[in-house]
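Undergrad: give me a model of this one.
(one chain, ligands or ions: 2)
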Amino acid sequence: MRLAKTIAKHNRLYHAEDMPEIADAEYDALVRRNNELEEAFPHLVRDDSPHKLVGAAVANSPLSKVAHEQRMMSLDNGFSDEDIAEWLARVRRFLNLPEDEMVAVTAEDKIDGLSCSLRYEKGELVLAATRGDGQIGEDVTANVRMIADIPHTLAGKVPDVFEIRGEVYMAKSDFEGLNARLMDEGKADAAAKNLDFDPGKIRQFANPRNAAAGSLRQKDANITAKRPLKFWAHGWGVASAVPGETAFDVMTAIESWGLPLSPLVKRFETLEQMLDHYRHIEMERADLPYDIDGVVYKVDRLDWQQRLGFVAKAPRWALAHKFPAEQAQTTLESIDIQVGRTGKLTPVGRLKPVTVGGVVVSNVTLHNRDEIERLGVRPGDRVLVQRAGDVIPQVAENLTRDEDRQPYIFPDHCPKCNSEAVAEEGEVDVRCTGGLICPAQRFQRLAHFASRAALDIDGLGEKSIAEFIEAGFIESPADIFRLHQHREEILARDGWQDKSVDNLLAAVEKKRSADAARLLFGLGIRHIGTVTARDLMKNFTTLPKLAEIGMAARDNEAVRDEVTEIDGVGPTVAQALADFFHEPHNREVWEDLLSEVTPPDYIVETRDSAVAGKTVVFTGKLETMSRDEAKAQAEALGAKASGSVSAKTDLLVAGPGAGSKMKKAAELGIEVIDEAAWADIVKAAG
Ligand SMILES: NC(=O)c1ccc[n+]([C@@H]2O[C@H](COP(=O)([O-])OP(=O)(O)OC[C@H]3O[C@@H](n4cnc5c(N)ncnc54)[C@H](O)[C@@H]3O)[C@@H](O)[C@H]2O)c1
Ligand SMILES: [Zn+2]
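TA: Ligands and ions are numbered 1, 2, ... in the order given. Predicted coordinates for the structure are as follows:
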């Protein structure tokens with residue numbers, strides 16, 4: 001059965017190699033599916049069925065194997081209140097208890113670590129072993145001796161032979177410290193070898209459980225000694241004598257011998273108490289110094305435990321009440337605003353770290369302003385965090401409902417450059433209007449400015465731009481024209497020679513007289529593309545004139561209307577222009593740029609031609625030129641280039657693949673020519 005094989009593989013990755021590839025919830029889903037299949041086809045159930053197995057065999061371990069005299073078990077799981085009620089009812093039925101007989105249970109935190117058995121003979125630690133597959137584990141005696149929580153000698157009067165079972169774990173803060181240390185060591189190592197440091201190559205642990213398991217199961221116990229491991233006891237195995245008649249008694253005795261227990265061992269007599277306790281712990285969970293994934297209930301009376309016995313791989317007398325694998329509660333500590341390469345402001349929630357589905361989560365995306373409003377979250381709130389599969393963790397719900405508190409106020413200025421941040425009408429995203437001045441947007445903006453469609457500066461590709469930004473040579477477009485001041489510094493850099501630097505500087509010089517429409521397009525003002533830039537420049541002729549209009553447009557509707565009425569320009573463009581010039585930073589960048597360049601006045605020379613005064617539409621694929629170039633040609637010939645066919649259209653130039661426009665032109669009786677015929681018209685005009 002393929003499913004069983006897959007499960008076996010993940011079992012091995014998780015238990016034997018401490019490197020799970022899938023989330024716990026995903027693994028649990030595979031197991032559930034397998035159980036369903038087994039129920040439906042009982043004759044197909046194999047002896048190595050996942051539901052009969054504990055952990056994983058210790059095949060390739062560098063440690064030596066030890067057989068457990070008494071098997072180490074797993075636990076059955078319950079998730080819902082009903083699951084717990086059912087378990088209690090099953091216990092009562094099994095024991096055939098009268099209605100009024102109470103079943104006392106202990107409740108302990110289900111610590112997420114590595115199961116370990118410690119054998120004491122005459123009070124001395126003689127053997128420590130991992131669970132392995134329950135029958136055969138690994139000998140970790142030398143390693144365990146390095147753990148401060150585990151006494152080498154027990155205190156007081158103890159049975160001759162007593163196996164204490166419990167969990168080796170790592171506290172959350174120690175786990176974070178260990179990961180940070182691994183990163184630092186990697187950095188130092190790379191520096192010592194004069195290599196580039198690649199943080200992605202450092203093997204960090206995904207969660208405290210993996211860190212604990214990986215640290216304990218070391219061939220060299222000296223490595224274990226350097227890892228901050230802890231231990232607490234939650235049961236026992238082989239015992240020459242048992243000190244008490246209830247689980248609670250025995251655990252108390254174990255504590256008196258010098259071993260730590262779960263700080264929250266409780267004893268309850270009703271389902272309500274158990275569920276209350278569970279909910280309480282669920283709330284506290286993120287604030288506990290260690291990672292837990294549920295609460296474990298055990299029937300307290302040992303004679304009852306004896307009678308209840310075991311099913312396939314777990315005791316009937318115990319149950320793990322697990323927290324939902326994909327969700328956890330924690331505190332939203334702050335909301336950070338990140339600025340993307342296009343100026344978009346994205347709020348990121350910083351959480352008190354919490355393990356969700358086997359991964360420590362400390363950040364969540366809050367998407368945008370509307371999402372924060374919808375959730376009503378503020379720093380300090382308790383939130384329910386959800387992480388399903390590989391999806392980025394999200395806040396599923398705000399658990400704090402205190403209407404009196406001030407709502408979170410989304411910033412109206414960019415945290416990176418302090419420019420105004422606004423959302424356009426009907427849009428959810430708030431954007432920084434700083435554009436060219438905003439360090440977050442710098443690379444994208446400068447790359448656009450130098451790109452082919454804009455200034456088209458030879459030799460100034462994205463790589464060089466990134467390099468020059470990094471070196472501090474360029475921040476805004478004007479700086480590109482001042483690159484010559486850095487000639488010697490550029491030459492001193494790897495990969496630059498006299499020739500390549502001179503070529504670059506010459507290419508830059510050439511662009512001082514660049515076309516005004518390209519400069520305008522290069523500034524990357526929202527909604528101003530190549531065509532709109534040309535339409536604007538045709539109307540205003542010079543950049544200073546355009547700026548004057550742009551500045552007036554913000555508060556003067558008449559001016560905005562004037563812009564709106566320009567052919568090919570609409571209200572969105574008018575507004576975008578006004579917004580751009582309203583921002584003082586942008587005006588600075590603009591003035592600075594204009595002090596470096598001398599674009600000629602933008603006068604579209606119209607040549608006398610066959611299409612002068614006519615409206616031309618291009619459609620289909622053009623083979624010898626881009627659509628933009630074709631439109632520019634039409635304009636140069638005194639024609640108007642339009643995007644759609646209407647009664648006003650005089651000529652349709654159609655390339656291969658022309659569709660609906662061609663049909664419409666035919667209906668309207670408009671003249672249609674191909675690209676070659678168009679080229680002839682251009683040629684004829686001289
Ligand atoms: N992601 C994966 O690929 C993958 C693969 C295999 C297993 N898993 C996960 O591992 C878990 C199954 O592992 P498991 O068999 O160790 O079961 P388990 O972790 O659900 O529970 C059994 C263990 O809990 C421990 N425990 C902690 N606190 C305890 C307490 N107070 N009292 C008693 N026992 C306590 C014991 O060591 C016991 O062996 C599941 O959550 C599963 O999702 C994940
Ligand atoms: Zn900004």
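Undergrad: which residue does the stretch 1-150 of the chain bring closest to ligand 2?
TA: Ranking the residues of the stretch 1-150 of the chain by distance to ligand 2 (CB to the ion) places residue 23 first, at 36.2 Å. C-betas here are computed from N, CA, C, even on glycine.
Undergrad: now stretch 157-171: mean pLDDT?
TA: With pLDDT averaged residue by residue, stretch 157-171 scores 96.
Undergrad: what's the answer for stretch 20-34, then?
TA: The predicted model gives stretch 20-34 an average pLDDT of 81.
Undergrad: state the distance from the residue of the stretch 1-150 of the chain closest to ligand 2 to residue 13.
TA: Between residue 23 and residue 13 the distance is 12 Å, computed by CB to CB, to the nearest Å.
Undergrad: quick one, which of the two is more surrounded?
TA: Set side by side, residue 23 and residue 13 show more neighbours around residue 23, with 20 against 16, by other CB atoms under 10 Å.
Undergrad: in contact with that one, which residues?
TA: Applying CB atoms under 8 Å, 6 or more residues apart in numbering, one finds that residue 23 lies in contact with 325, 326, 357, 358, 359, 387, 389.
Undergrad: now those residues in CSV, with secondary structure and pLDDT?
TA: Listed next are those as CSV, based on DSSP: H, G, I helix; E, B strand; the rest coil; pLDDT from 0 to 100:
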residue, secondary structure, pLDDT
325, coil, 77
326, coil, 82
357, coil, 77
358, coil, 79
359, strand, 82
387, coil, 83
389, coil, 63
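Undergrad: who in the stretch 251-400 of the chain is up against ligand 1?
TA: Within the stretch 251-400 of the chain, the positions adjacent to ligand 1 are 262, 296, 320, 358 by CB under 6 Å from any ligand atom.
Undergrad: which one of these sits closest to ligand 2?
TA: Set against ligand 2, the nearest of those by CB to the ion is residue 358 (36.8 Å).
Undergrad: quick one on the thing from earlier: just the residues of the stretch 251-400 of the chain next to ligand 1: which are in strands?
TA: Secondary structure from DSSP state E places 296, 320 of those in strands.
Undergrad: please, a PyMOL command that selects the buried ones among the residues of the stretch 251-400 of the chain next to ligand 1?
TA: With 16 or more other CB atoms under 10 Å as the burial test, the buried ones among those are selected in PyMOL as follows:
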select buried, resi 262+296+320+358
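Undergrad: okay, now the domains of this protein?
TA: Using automatic domain parsing, the domains assigned to the chain come out as 2-53, 77-322, 326-435, 441-513, 516-594, 615-684.
Undergrad: weakest of those domains in terms of mean pLDDT?
TA: Ranked on mean pLDDT, the bottom entry among those is domain 2-53, at a mean of 82.
Undergrad: for it, how far is the first residue from the last?
TA: 17 Å (CA to CA, to the nearest Å).
Undergrad: one more: stretch 430-442?
TA: Stretch 430-442 stretches 18 Å from its first residue to its last (CA to CA).
Undergrad: ditto for stretch 196-206
TA: Calculated as CA to CA, the first-to-last residue distance of stretch 196-206 is 24 Å.
Undergrad: now do the SS call for whichever residue of the stretch 501-650 of the chain sits closest to ligand 2.
TA: In the stretch 501-650 of the chain, the residue found nearest to ligand 2 is residue 585; the distance is 8.4 Å by CB to the ion. Secondary structure, DSSP: H, G, I helix; E, B strand; the rest coil: residue 585 is helix.
Undergrad: if I look at it, how far off is residue 199?
TA: Shown here: residue 585 relative to residue 199, a distance of 33 Å by CB to CB.
Undergrad: settle it for me: which of those two has more neighbours?
TA: In this view residue 585 and residue 199 are compared by other CB under 10 Å, and residue 585 has more residues nearby, 20 against 10.
Undergrad: could you report the neighbour count for the closest residue to that one other than its chain neighbours?
TA: Excluding its sequence neighbours, the residue lying closest to residue 585 (CB to CB, 6 or more residues apart in numbering) is residue 437, at 4.0 Å. Taking other CB under 10 Å as the criterion, the count of residues near residue 437 is 24.
Undergrad: now the domains of the chain in TSV, with distance to residue 66?
TA: As requested, these are arranged in TSV below (distance: least, CB to CB, whole Å):
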stretch	distance to residue 66
domain 2-53	15
domain 77-322	5
domain 326-435	28
domain 441-513	56
domain 516-594	68
domain 615-684	74
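Undergrad: how about the helices in the stretch 1-150 of the chain?
TA: Secondary structure of the stretch 1-150 of the chain (DSSP state H, counting those that start in this stretch): helices located at 2-11, 24-40, 81-95, 141-144.
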